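K.L.:
Turn this into a model:
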Amino acid sequence: MPKTTDDRQDGSREDPPEDLPSTLERSDGHAQRTFAAARASAEETYHDAQRANRVAWAAVEHGHEKVGDHWEPKEGGRRGPSDAQAEGGAGTDRPTAGGVDAGATKAHLQDVARRLGVPGRSRMSKEELVEAIGRANDRATRQARERSS
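P.N.:
Sure, this is the predicted structure:
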């Protein structure tokens with residue numbers, strides 16, 4: 001993993017946690033630390049790596065949204081589940097938006113779609129924007145992984 005540093009509020013600098021998914025390697029230090037801390041705690045609690053990863057991703061999605069190939073803090077510091085699946089609960093089979101903040105305003109989703117170059121965004125419903133952003137995010141992540149390999 002490439003070593004980068006993150007400016008912290010207290011002025012100190014810290015290396016990102018080890019063994020992060022690639023989309024988090026390209027994200028801010030807060031998202032990285034959230035994932036690492038949640039995963040470590042869940043591994044200690046549940047002794048199940050898959051469950052620990054699900055818990056860690058849910059923690060990231062409560063404060064961040066996926067934009068392209070990385071995670072950004074949610075608009076206005078809003079916290080909470082990004083979609084029905086991120087609300088949690090064991091054995092749920094609810095729809096997921098793949099990191100897109102489906103609870104955001106339509107204006108915010110249109111802005112994200114504009115940044116990602118989604119065509120036809122001005123005519124899309126909120127649900128269509130969520131789906132289109134998800135596809136654009138997947139495409140950007142795939143391209144970033146190809147560039148780094």
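K.L.:
From here on, just use CA atoms for contacts and neighbour counts.
P.N.:
Noted.
K.L.:
distance of the closest residue to Ala104 other than its chain neighbours from Ser22?
P.N.:
Residue nearest to Ala104 in three dimensions, not counting chain neighbours: Glu75, with 7.8 Å by C-alpha to C-alpha, 6 or more residues apart in numbering. Going from Glu75 to Ser22 by C-alpha to C-alpha, to the nearest Å gives 22 Å.
K.L.:
Repeat that for Glu44.
P.N.:
Using C-alpha to C-alpha, Glu44 is found at 23 Å from Ser22.
K.L.:
Looking at the two now, which is surrounded by more residues?
P.N.:
A count of neighbours by other C-alpha atoms under 10 Å puts Ser22 above the other of Glu44 and Ser22, at 15 against 12.
K.L.:
residues contacting that one?
P.N.:
Arg145 (C-alpha atoms under 8 Å, 6 or more residues apart in numbering).
K.L.:
try it again with 10 Å
P.N.:
Taking C-alpha atoms under 10 Å, 6 or more residues apart in numbering, we find Ser22 in contact with Met1, Asp69, His70, Thr141, Ala144, Arg145, Ser148.
K.L.:
likewise Leu20?
P.N.:
Contacts were defined as C-alpha under 10 Å, 6+ apart; by that measure Leu20 touches Met1, Arg26, Gln32, Arg33, Phe35, Ala36.
K.L.:
Residues contacting the longest helix along the chain, please?
P.N.:
The residue-count maximum for a helix in the chain (DSSP state H) belongs to helix 126-148. Contacts with helix 126-148, where a contact means C-alpha under 10 Å, 6+ apart, come from 22-23, 26, 66-70, 97-110, 112-124.
K.L.:
Buried ones only from the residues you listed, please, as a PyMOL command.
P.N.:
This is the PyMOL syntax for the buried subset of the contacts of helix 126-148, where burial follows 16 or more other C-alpha atoms under 10 Å:
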select buried, resi 23+26+66+67+68+69+70+97+98+99+100+101+102+103+104+106+109+110+112+113+116+118+121
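K.L.:
Can you show me the helices along the chain?
P.N.:
Under DSSP H, the chain gives helices at 22-25, 29-46, 49-63, 106-115, 126-148.
K.L.:
Many thanks, we can stop here.
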